[in-house]
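1. model the structure of this input:
(one chain, ligands or ions: 2)
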Amino acid sequence: MSQAKTSVVALICAAGQGERAGTPLPKQYKELNGVPMLVHTIMAFLKCDVVQEVYVVLSPKDAWYDVLVAPLVGDAVKAIRVGGETRAQSVCHALGVLDDSHDDTWVMVHDAARPCIQGSFIKKLHDEVLQRDAIGGLLAVPMVDTVKYSEDEVQVKKTLDRKKLWAAQTPQMFKLDVLYNALSDALVDETIAAGITDEASVMEWAGVSPLLVQGEVANLKVTYPHDFKLAEFWLTQMKA
Ligand SMILES: Nc1ccn([C@@H]2O[C@H](COP(=O)(O)OP(=O)(O)OP(=O)(O)O)[C@@H](O)[C@H]2O)c(=O)n1
Ligand SMILES: C[C@](O)(CO)[C@H](O)COP(=O)(O)O
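-> Numbering: from 1, shown residues only. Ligands and ions are numbered 1, 2, ... in the order given. Down below sits the predicted model:
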């Protein structure tokens, strides 16, 4: 008897302004090796056979997606124009749109700003979460630097035990309805909302322990101007 395939959708967050990157257009539209960053990100999910549907959350004011990205990715990707002021709000609004039509579905939330994501990384997260029957999980990399804790951004208060520290990446994979309910609850309180910087953090707040799946440094988040060249390097390496 054939088993029913697990339903997995990708939600790519592309409603940010990219202020730290300092580009004229939001950074997700800057070309990397001749193609807008967001196209690289979307194509990785479109080509990955563990993902059945791909959605992108945009700012309601976005004037560039239809011109710069849609012609290159086609209509298999659905744009949802409900982005909010913070990443968490953008994700929550988009999940609210998807929740009605998606029962028993996993969602992989991913940053448009991580264009070097590869199908093999996506599949690793998918397989480990499902094989271990986890509540959900995220790609993350162990810290390689010694990590200092400061309360005033001037002096060191202490050194943290880096063996216990991981840098969170995306995608992060959870049941869509569970994540939506947790995010909706958390965002009601401004103080709690301020600490919700990824999907795992809201699930931790809800009392569960997401699975850490070891990722790759290549899956960097393009944040500052110097990151564009680094992302181009990794994209070239991965195509080689
Ligand atoms: N209100 C927001 C803010 C961010 N994002 C998305 O979340 C991802 C990670 O956020 P970050 O790198 O912080 O992007 P920006 O918020 O655009 O950057 P900055 O903070 O420098 O303005 C990005 O793909 C960004 O488009 C989003 O969908 N909605
Ligand atoms: C979700 C994230 O990519 C995990 O590292 C990251 O937190 C998003 O960036 P932001 O600057 O916190 O929006």
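
2. ok, which residues in the protein are in contact with ligand 1?
-> 13-21, 28, 57, 83-87, 90, 111-113, 221, 223 (CB under 6 Å from any ligand atom). For glycine as for every other residue, the C-beta is placed from the backbone atoms N, C-alpha and C.

3. all helices of this structure, in order?
-> For the chain, helices defined by DSSP state H occupy the ranges 37-46, 70-73, 87-99, 119-131, 176-186, 190-194, 199-205, 227-239.

4. what residues of the fifth one count as buried?
-> Counting neighbours by 16 or more other CB atoms under 10 Å, one finds that the buried residues in helix 176-186 are 176, 177, 178, 179, 180, 182, 183, 186.

5. mind checking which of the residues of the chain next to ligand 1 land in strands?
-> Under the assignment DSSP state E, the residues of the chain next to ligand 1 contribute 13, 14, 57, 111 to strands.

6. residue of this structure nearest ligand 1, please.
-> Closest to ligand 1 within the chain is residue 16: 2.1 Å, counting by CB to the nearest ligand atom.

7. tell me the backbone dihedrals of that residue, please.
-> Note on residue 16: its backbone torsions stand at phi -90, psi 170 [degrees, to the nearest 10].

8. and the gap between residue 140 and ligand 2?
-> Distance from residue 140 to ligand 2, counting by CB to the nearest ligand atom, to the nearest Å: 8 Å.

9. which intervals of this structure have sub-threshold pLDDT?
-> Scanning the chain with the threshold set as pLDDT under 70 gives 1-5.

10. near ligand 2, which residues of it? Just list them.
-> Contact residues, the chain versus ligand 2 (CB under 6 Å from any ligand atom): 87, 111, 168, 169, 170, 197, 198, 221.

11. show me what contacts the residue positioned nearest the centre of the chain?
-> In the chain, the C-alpha closest to the average C-alpha coordinate belongs to residue 110, at a distance of 2.1 Å (CA atoms, centre = their mean). Residues near residue 110 by CB atoms under 8 Å, 6 or more residues apart in numbering: 10, 11, 12, 13, 41, 45, 117, 170, 171, 172.

12. redo that, cut-off 6 Å
-> Residue 110 makes contact with 12, 170, 171, according to CB atoms under 6 Å, 6 or more residues apart in numbering.

13. what does residue 187 give?
-> With contact set as CB under 6 Å, 6+ apart, residue 187 has these partners: 92, 193.

14. circling back: looking at the helices of the chain, which is nearest to residue 150?
-> Taking CB to CB, helix 190-194 is the member of the helices of the chain nearest to residue 150, at 18.6 Å.
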